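In: okay, sequence plus prediction incoming.
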Amino acid sequence: MTEIQDQVQEVIEGLVESGAERGLQVAVYRQGEQVVDAVAGVADPGTGRPVASDTPFYAYSVGKGATATVAHVLVERDLFGYDTPIVELWPEFGAHGKEAATVRHVLTHTVGVPGIPADTTPEDLCDWDKMCAVIADAEPWWEPGTMIAYHAYTFGYMVGEIVRRATGKPISQVLREDVAGPLGVADELFFGVPESDLGRLARLEDMEGSAEFLATMPDDAPFFKLGPRATTPTAEFGNRADILMADIPAGGRRQDVSAGHGPHVRRADG
């Protein structure tokens, strides 16, 4: 880590100085070797706590990659297959014509259950059994496999419940034991964050103008059919302790992301 490290460090310090970013990390690996480990700015504007290389950030849907990785690992171990009907593991999911839906349909966002009820609250999102029951009983928007739409929240619960039914363990535990642990990042990649680690997380801030933009959107906007206004991933939402500690595997908390502006957090690692 020499010239390229210095170049990246200069760039991210410039972003913080300009006000474009509050705090961020950049990690770059080349052929398995880390060639950049750069940080700049603050993780908590209220206290001035600086960003460190091990500061986790709530990165919202970036977590779906980790969720899918858990499923792929279990497929490799023959706990289920991509074309396994979900009802073989989770019989209740077959309600209202979803009995032909497969694991592949879930992973490809074609299963037909992209939205959650309009009255869903953040507290509901933290209630695993309640959310899985609602999703299992949902009427599909289309025949599984015939259309595609982003399954913003439901993706995580569906993959997570398939994993739980196959292993007997919550997906956060499987992530730690079978993915993050073997990779040496068990304390850097989470779904539900242990309470003892909450103080390590970066505090998010909304990007200027984002709250005003959301306020202009009507409650019946297509955007809110995937997740109602109360569950929109704002900075306030992403700073809630109950949300951070809950298993909501449609989103994740990890290191090496550009941070500081709420739901507009971007990946910055190589």
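Out: Noted; the coordinates are in hand.
In: could you list the single helix or strand in the protein with the lowest mean pLDDT?
Out: strand 266-267 (a mean of 28; mean pLDDT, DSSP states H and E).
In: so how far is the host helix or strand of His105 off the chain centroid?
Out: When secondary structure is defined by DSSP states H and E, His105 falls within helix 103-107. The chain centroid and the centroid of helix 103-107 are separated by 17 Å under C-alpha atoms, centre = their mean, to the nearest Å.
In: try stretch 75-85
Out: Shown here is stretch 75-85, whose average C-alpha point lies 22 Å from the average C-alpha point of the whole chain (C-alpha atoms, centre = their mean).
In: distance check, Asp187 against Phe57.
Out: If you measure Asp187 against Phe57 using C-beta to C-beta, to the nearest Å, the figure is 14 Å. Every residue, glycine included, has its C-beta placed from N, CA and C.
In: quick one: contacts for Gly97?
Out: Taking C-beta atoms under 8 Å, 6 or more residues apart in numbering, we find Gly97 in contact with Glu139, Pro140, Glu143.
In: just the buried residues out of those, in PyMOL syntax.
Out: Paste this into PyMOL to select the buried members of the contacts of Gly97, with burial taken from 16 or more other C-beta atoms under 10 Å:
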select buried, resi 140
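In: what about the helices in the chain?
Out: Counting by DSSP state H, the chain has these helices, from start to end: 3-18, 63-76, 86-89, 103-107, 122-125, 128-136, 154-167, 171-174, 210-215, 223-226, 235-238, 241-245.
In: relative to helix 154-167, how tilted is the second one?
Out: The one in question is helix 63-76. 30 degrees (axes from the mean of the first three to the mean of the last three C-alpha atoms, to 10 degrees).
In: distance from helix 63-76 to the middle of the chain?
Out: Between the mean C-alpha location of helix 63-76 and the chain-wide mean there is a distance of 12 Å, by C-alpha atoms, centre = their mean.
In: for the remainder of this discussion, apply numbering that starts at 32.
Out: In the new numbering, first residue 32, that becomes helix 94-107.
In: hmm, who's touching it?
Out: Defining contact as C-beta under 8 Å, 6+ apart, one finds that helix 94-107 is touched by 111-113, 134, 138, 186-187, 190-191, 193-194, 197-198, 202, 205-206, 209-211, 220, 222, 280-285.
In: if you set the cut-off to 6 Å instead, what comes out?
Out: Residues outside helix 94-107 that contact it (C-beta atoms under 6 Å, 6 or more residues apart in numbering): Leu138, Gly187, Val190, Val194, Ile202, Val205, Leu206, Asp209, Val210, Pro280, Gly282, Gly283.
In: let me know the closest of these to Thr265.
Out: Gly282 (12.6 Å; C-beta to C-beta).
In: I'd assumed Tyr91 was in contact with the closest one.
Out: Yes: the pair Gly282 and Tyr91 qualifies as a contact (C-beta atoms under 6 Å) at a distance of 4.6 Å.
In: these two: who's more crowded?
Out: Comparing Gly282 with Tyr91 by other C-beta atoms under 10 Å, the one with more neighbours is Gly282, at 25 against 22.
In: just give me the longest strand of this structure.
Out: Looking across the chain with DSSP state E, the single longest strand is strand 64-75.
In: circling back: of Asp218 and Phe88, which one has the most company?
Out: In this view Asp218 and Phe88 are compared by other C-beta under 10 Å, and Phe88 has more residues nearby, 27 against 15.
In: list the buried residues for stretch 51-70?
Out: Buried residues in stretch 51-70, counting neighbours by 16+ other C-beta under 10 Å, are found at 52-59, 66-70.
In: one more: stretch 189-205?
Out: Judged by neighbour count using 16+ other C-beta under 10 Å, the buried positions of stretch 189-205 are 189-198, 201-205.
In: need the max-distance pair from those residues.
Out: Taking C-beta to C-beta as the measure, the buried residues of stretch 189-205 have their most distant pair in Met189 and Gln204, spaced 17.6 Å apart.
In: got a list of contacts for the helix holding His136?
Out: For helix 134-138, contacts defined as C-beta under 6 Å, 6+ apart pick out Ala99, Phe111, Tyr113, Asp114, Thr115, Val142, Pro175, Gly176, Met189, Val190.
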